[in-house]
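Colleague: dropping a prediction and its sequence here:
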Amino acid sequence: MSVNDYQSIIDFVHKKSGIVLGNTKSYLIETRLATIVEQYKFQDLKALERGLNIAPKQVQEAVVDAMTTNESFFFRDNTPFDNFEKAILPELIEAARAKNSPIRIWCAAASTGQEPYSLAMILLANKRLWAGLKVEIIASDISQSALDRAKAGKYTQFEVQRGLPVQLLVEHFKQDGTNWIISDQIKSMVSFRKVNLLENLFSLGKMDLVFCRNVLIYFDVPTKSKVVSAIQKIMNPNGFLMLGGAETLLGINEDFERKDGYRGLYCLSDGQAKQTAICA
């Protein structure tokens, strides 16, 4: 493939998903697309590139899927989950009881499901605190293959060893040969949807907490601004946004306030009453 051929694929992926591949990813592109060339009977990579814009939707989605990075593990980075359990959850519960409303959590770019399942395990451990309330965890990703794995809830020995405490492995998983399957109880707490962050998000409904960790790093500044603005529009007043520890909204969106002492956490205030503990 020529430089122009690679650039054409880079532009296509950016248009469809917002992901910025860069001109140094030619080997990655070629390696990942080779399977699609074979699967859909293209003559070669050049033929795929030339026909991509008029290809069936399933081919276009397969190309985008191949370019996504599905890196995740249970309780990744730990701190966001500690903050969720000790600081955010109590405030969500208090607000939900005051409004007699459900607690709604969205994990954007949830990959193979470890993040939402980690939140579900925390919620189950604290069930007595939110007794009588409805809690919804919605997990989404642009990658159908990642979502299929997430829904199955089956993980390798290596995957459950990355961040998952042994006591939670014993409590919530059963062994299946060399793999581990998460319990139906935890599965039932999470619903999965295919969502492109560049498209309309209103079908998700209003959210109290959005986990969008290590996602913005794959976007350019205009796309970051577009995605964060779209997230803002579906958040309830005084909602929480959790980004990756190295991500920032500086120069992206001024309506969120970063909270000192809570790495990656942003609060959205309605301009009137603020959350009593974190967003005060």
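Modeller: Structure received. Here the structure is a predicted model, which means the values were calculated and not measured. Numbers count the residues shown, from 1 in each chain.
Colleague: quick one: end-to-end distance for stretch 149-169.
Modeller: End-to-end span of stretch 149-169 (Cα to Cα, to the nearest Å): 18 Å.
Colleague: same thing with stretch 178-192?
Modeller: With Cα to Cα applied, stretch 178-192 spans 25 Å between its terminal residues.
Colleague: so Ala96 makes contact with Leu133?
Modeller: Yes. Counting by Cβ atoms under 8 Å, a contact exists between Ala96 and Leu133, whose distance comes to 5.2 Å. (Each C-beta comes from the backbone N, C-alpha and C, glycine too.)
Colleague: of the two, who's got more company?
Modeller: Ala96 (19 against 15; other Cβ atoms under 10 Å).
Colleague: so for the host helix or strand of that one, what's the average pLDDT?
Modeller: Taking DSSP states H and E as the definition, Ala96 sits inside helix 89-99. Looking at helix 89-99 alone, the average pLDDT works out to 96.
Colleague: buried ones in that helix, by neighbour count?
Modeller: By 16 or more other Cβ atoms under 10 Å, the buried positions in helix 89-99 come out as Leu89, Glu91, Leu92, Ile93, Ala95, Ala96.
Colleague: what is in contact with Ala96 and Leu133 at once?
Modeller: Counting by Cβ atoms under 8 Å, 6 or more residues apart in numbering, the residues touching both Ala96 and Leu133 are Pro102, Ile103.
Colleague: against Ser118, how distant is the residue most central in space within the chain?
Modeller: With the centre of the chain defined as its mean C-alpha position, the nearest residue by Cα atoms, centre = their mean is Ala109, 2.2 Å away. From Ala109 across to Ser118, the span is 15 Å (Cβ to Cβ, to the nearest Å).
Colleague: repeat that for Gly245.
Modeller: Computed with Cβ to Cβ, the distance linking Gly245 and Ser118 is 16 Å.
Colleague: show me which of those two is the more surrounded one.
Modeller: The neighbour count for Gly245 versus Ser118, taken as other Cβ under 10 Å, is higher for Ser118 (25 against 14).
Colleague: just the element for the more buried one, please.
Modeller: Element membership for Ser118 (DSSP H and E) is helix 114-125.
Colleague: ok, residues contacting whichever helix or strand comes after that helix?
Modeller: Counting by DSSP H and E, the next helix or strand C-terminal to helix 114-125 is strand 135-141. Contacts of strand 135-141 from elsewhere in the structure, counted by Cβ under 8 Å, 6+ apart, are 68, 70, 102-111, 113, 115-116, 119-120, 123, 147, 150, 189-195, 204, 207.
Colleague: what does stretch 239-255 give?
Modeller: Counting by Cβ under 8 Å, 6+ apart, the neighbours of stretch 239-255 from elsewhere in the structure are 77, 79-80, 83-84, 88, 92, 207-217, 221, 224-225, 228-229, 231-232, 235, 256, 258, 263-268, 278.
Colleague: repeat that for stretch 112-123.
Modeller: Counting by Cβ under 8 Å, 6+ apart, 70, 72-76, 81, 84-85, 89, 105, 107, 110, 130, 135, 137, 139, 146, 149-151, 153, 155, 159, 163, 168, 172, 182, 186-187, 189-190, 192, 211, 213 sit against stretch 112-123.
Colleague: can we see that at 6 Å?
Modeller: Taking contacts as Cβ atoms under 6 Å, 6 or more residues apart in numbering, the residues outside stretch 112-123 that touch it are 70, 72-75, 81, 85, 107, 110, 135, 137, 139, 146, 149-150, 168, 182, 186, 189-190.
Colleague: picking that back up, what's downstream of the helix holding Ala96, the next helix or strand?
Modeller: Of the helices and strands lying after helix 89-99 in sequence (DSSP H and E), the nearest is strand 103-107.
Colleague: where's the closest residue to Phe256 other than its chain neighbours, which helix or strand?
Modeller: In space, Phe256 comes closest to Tyr266 once its chain neighbours are excluded; the distance is 3.9 Å by Cβ to Cβ, 6 or more residues apart in numbering. Secondary structure assigned from DSSP H and E places Tyr266 in strand 265-268.
Colleague: remind me what that strand packs against, helices and strands.
Modeller: strand 235-242, strand 256-258 (3 or more Cβ pairs under 6 Å, 6 or more residues apart in numbering; DSSP states H and E).
Colleague: tell me which of these sits most buried.
Modeller: The densest packing among those, expressed as mean neighbour count by mean count of other Cβ atoms under 10 Å, is seen in strand 235-242 with a mean of 22.
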